[in-house]
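*Asks:* Structural data only, the sequence is not supplied:
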């Protein structure tokens, strides 16, 4: 590589794929761009809900990451075993990769085993695509009883997802003619459905749940799952509450990948990589972190949500800095804290949530009422990014 730079990207999610493609489009082929991921396919997280709803199948929705090679991007399907930001290299189970620039976009991992009794008592993880079809089949078989959706902890990916799931399950049960005999309950440790949003949005979400006879239980922190189809919650940090269920679906505790914890990138007492809120720089030279593996505090109570749209926005800012450095140009790219997401409710409709977390007057969130137009936008959102990133 004559005068070429080596750019290594860890993780092939939203942030990693956006970064790789932006850099490739703007750099000649003598600059090497390498993406490393332990998975060999990409699947958008919200496809889980389409599988749940019966509109998609897993096999037809995943896209091979080998497609990156057709774009002049090197893809390494391997397990990362060492990140050394001091000496500037990455080790996988098969090889060592030195870099000039490193983008860490490894996302968050799930830790359902942290919920006592969950794994042994056959609860379902809403974020595990391999369990979604089982959830759907269990829902269709249920004739009466209670379906419980439990948010175990914060933060978690895509804050509206549990409420989307409840509304889609409501739609499934209506079409299955069993809705009148089955309760849907959501339990969360927070006082509101979406702690990252303002009072108006939370009222809108609560109203939407109530309209569809879905009961939201705030201030319930899960303690354990028993083998008697029963849950134990700590309510309002004061008393214990027991809840019976027929189907249990959890949003599991999230954690940073163990390889990141062992890299020196996470400060003592913290759970995620600390970065500059505007540049996404870590404390190491030419090392950036984006997306779910980071925690960006907006104030003492609110952090940037773990959602792909924010990782994509951060990727653009990081890539501009790298391009400026390579070209000896100067500009001042800054992550603006803006993003959006969709909140599907069933019957081919979705709400649209627009956010500005760096708003001068404090974080700003707007929820547009559910519509068929927003649902179509969600479909196009997936199509456009798959085309842009993986062809």
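*Replies:* Received, thanks. If you're wondering where the values come from, they're calculated on a predicted model, not measured in any experiment.
*Asks:* Look up the closest residue to the most centrally placed residue in the chain, ignoring the ones flanking it.
*Replies:* Nearest residue to the geometric centre of the chain (CA atoms, centre = their mean): residue 157, 3.4 Å. Once flanking residues are discounted, residue 157 sits nearest to residue 306: 4.6 Å by CB to CB, 6 or more residues apart in numbering. Quick note: C-beta positions are derived from backbone N, CA and C, even for glycine.
*Asks:* Residue 147 and residue 129: what is the separation?
*Replies:* When distance is defined by CB to CB, to the nearest Å, residue 147 is 19 Å away from residue 129.
*Asks:* Neighbours of the closest residue to residue 38 other than its chain neighbours, how many?
*Replies:* In this structure, residue 38 finds its nearest non-sequential neighbour in residue 79, 5.0 Å apart by CB to CB, 6+ apart. Neighbour count for residue 79, taken as other CB atoms under 10 Å: 12.
*Asks:* Hmm, residue 79 is touching residue 39, no?
*Replies:* No: look at residue 79 against residue 39 with CB atoms under 8 Å: they stay out of range, at 10.4 Å.
*Asks:* Would you mind confirming that the residue nearest to the centre of the chain makes contact with residue 309?
*Replies:* No: if you go by CB under 8 Å, residue 157 and residue 309 don't touch, sitting 11.6 Å apart.
*Asks:* Please give the element, helix or strand, for the closest residue in space to residue 218 that isn't next to it in sequence.
*Replies:* Leaving aside its sequence neighbours, residue 218 sits nearest to residue 191 (CB to CB, 6+ apart; 5.0 Å). For residue 191, there is no enclosing helix or strand under DSSP states H and E.
*Asks:* Residue 191 and residue 220: what is the separation?
*Replies:* Distance, residue 191 to residue 220, by CB to CB: 11 Å.
*Asks:* okay, the two: which has more neighbours?
*Replies:* Taking neighbours as other CB under 10 Å, residue 191 and residue 220 compare with residue 220 leading, 22 against 10.
*Asks:* So what does the closest residue to residue 357 other than its chain neighbours look like in phi/psi?
*Replies:* Nearest non-adjacent residue to residue 357, counting by CB to CB, 6+ apart: residue 337, 3.9 Å away. Dihedral angles of residue 337 (phi, psi; degrees, to the nearest 10) stand at phi 70, psi 10.
*Asks:* Residue 337 touches residue 304, doesn't it?
*Replies:* Yes: in this structure, residue 337 is within contact of residue 304 by CB under 8 Å, at 6.6 Å.
*Asks:* Next, the closest residue to residue 301 other than its chain neighbours: secondary structure please.
*Replies:* Spatial nearest neighbour of residue 301, chain neighbours left out: residue 195 (7.4 Å); criterion: CB to CB, 6+ apart. Per DSSP: H, G, I helix; E, B strand; the rest coil, the secondary structure class of residue 195 is coil.
*Asks:* Now do the contacts for the closest residue to residue 47 other than its chain neighbours.
*Replies:* In space, and not counting its chain neighbours, residue 47 is closest to residue 61: 4.8 Å by CB to CB, 6+ apart. Residue 61 is in contact with 43-44, 47, 50-51, counting by CB atoms under 8 Å, 6 or more residues apart in numbering.
*Asks:* How about residue 329?
*Replies:* residue 323.
*Asks:* okay, it: pLDDT?
*Replies:* Each residue has a pLDDT score; the one for residue 329 is 90.
*Asks:* From residue 364, how far out is it?
*Replies:* 32 Å.
*Asks:* And the residue nearest to the centre of the chain, how far from residue 125?
*Replies:* 12 Å.
*Asks:* And residue 250, by the same measure?
*Replies:* 6 Å.
*Asks:* Please name the bridge partners of the nearest residue to residue 187 once chain neighbours are set aside.
*Replies:* Nearest residue to residue 187 in three dimensions, chain neighbours excluded: residue 220, at 4.2 Å (CB to CB, 6+ apart). Residue 220 forms beta bridges with residue 235, as assigned by DSSP bridges.
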